[in-house]
Structures are given as C-alpha cells and as structure tokens.
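K.L.:
sequence unknown, structure follows:
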Ligand SMILES: C[S@@+](CC[C@H](N)C(=O)[O-])C[C@H]1O[C@@H](n2cnc3c(N)ncnc32)[C@H](O)[C@@H]1O
C-alpha cells in the first residue's frame, strides 16, 4: 500500500479529502475510485480504522497499490499545507449545487464523517466552497463513497477526463 508522507505530495488533477472517515468499507471503495481515476486521496486522522485492517483492504480489492494516498494528522495540518483556496466542501447543508461549481486542476474535494459530516465550524470558515449533491428533501444523505464518486467524476468531466480512456 502506497501511503506517502505529506511532504512528498505530488500534484493531482483532483484531490479527494476524507475528513476523519469512520467506516473501512467506505474508505476501501474510495481507494478504488481514486485508483481508477488518478485522484489523490488524503486521509485525515483520527480515523475509525487502521490502514491494515482486513475489511478495509478487502473493500479496496487489489487497487491499493495503484492509489496515491497521503495521511494527515488533523484537518488543520492539511489546511496549513494547502491553504484555503480550491476547496470544495461537500455537505447536505449547503444551498449551492455541486453542479454549479467550477473544478480546476488540483482542486480539493472534502467529505465528512459518516456519522456527523463535516464540522459546522469548518463549513462556516469556507461558506463559498460548500456544495450539495441534490437529493429528495426527506432523505438524510448519500453514502460517503457514492458522494465521492459523483463528485470526482463531475470534477474530471469539467477537465475533459484527462488521461482517462
Ligand atoms: C453519510 S454522509 C454524512 C451524513 C451526516 N449525518 C451529515 O449530516 O452530514 C458522509 C459525507 O458524504 C457527503 N455527502 C453525503 N450526501 C451528500 C449530499 N447530498 N451532498 C453533499 N455531500 C454529501 C458529505 O461529505 C458527508 O459529510
């Protein structure tokens, strides 16, 4: 499994950031999406699993070696390294549709915990970056890994699916 040091991060067309993910199967699915698309995956601690856990490995199948993964000790360390620009915060609480945002090369797509989503304080710091994937009003949320797949393909489609066949 290739988990890189934050200092060795290479630029990617799109970056997926899982803030404190809890469920290993979701993370495994996201690893597979990132391996298939070339998105870089940022995992922010604390996480509800460790990276060698069997159900996590199984969910990512044999895609682990092809995924570009960076681990961060906390969200502040991630923000310090990457700044406040080019962040898209995915939340059911946003008014703006994810389809109305522009995703440039190297942008960061942030996703929250399965139980509680992204912290309200984080959302309040970046109000212009908050976007929502439309759903029926009475439903709570999409599955985390499904939300990631929808967002990554939207971002890559705006870039013309670079390097994908
Ligand atoms: C299972 S959801 C979290 C649900 C949590 N109870 C909440 O209220 O935010 C996990 C993550 O998937 C993403 N997500 C799920 N549905 C979404 C939607 N309709 N729009 C934007 N992001 C969504 C968000 O990043 C969310 O933090």
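P.N.:
Received, thanks. A quick note: this is a predicted structure, and the numbers were derived from the prediction, not measured.
K.L.:
identify the residues contacting stretch 147-164?
P.N.:
For stretch 147-164, the external contacting residues (CB atoms under 8 Å, 6 or more residues apart in numbering) are 13-14, 16, 18, 29-30, 33-34, 37-39, 88, 90, 98-99, 102-105, 107, 109, 111, 133, 141-142. For every residue, glycine as well, the C-beta is placed using N, CA and C.
K.L.:
what residues are up against residue 46?
P.N.:
Contacts of residue 46 (CB under 8 Å, 6+ apart): residue 20.
K.L.:
returning to what we had before: in helices, which of the contacts of stretch 147-164 appear?
P.N.:
Of those, the ones assigned to helices by DSSP state H are 29, 30, 33, 34, 37.
K.L.:
most surrounded residue in those?
P.N.:
residue 30 (28 neighbours; other CB atoms under 10 Å).
K.L.:
do you know how far it is from residue 95?
P.N.:
Note on residue 30: its distance to residue 95, by CB to CB, to the nearest Å, is 26 Å.
K.L.:
what do you get for residue 147?
P.N.:
Residue 147 is 17 Å from residue 95, by CB to CB.
K.L.:
what about those two, which has more around it?
P.N.:
Neighbour count, other CB under 10 Å: between residue 147 and residue 95, residue 147 has more, with 22 against 8.
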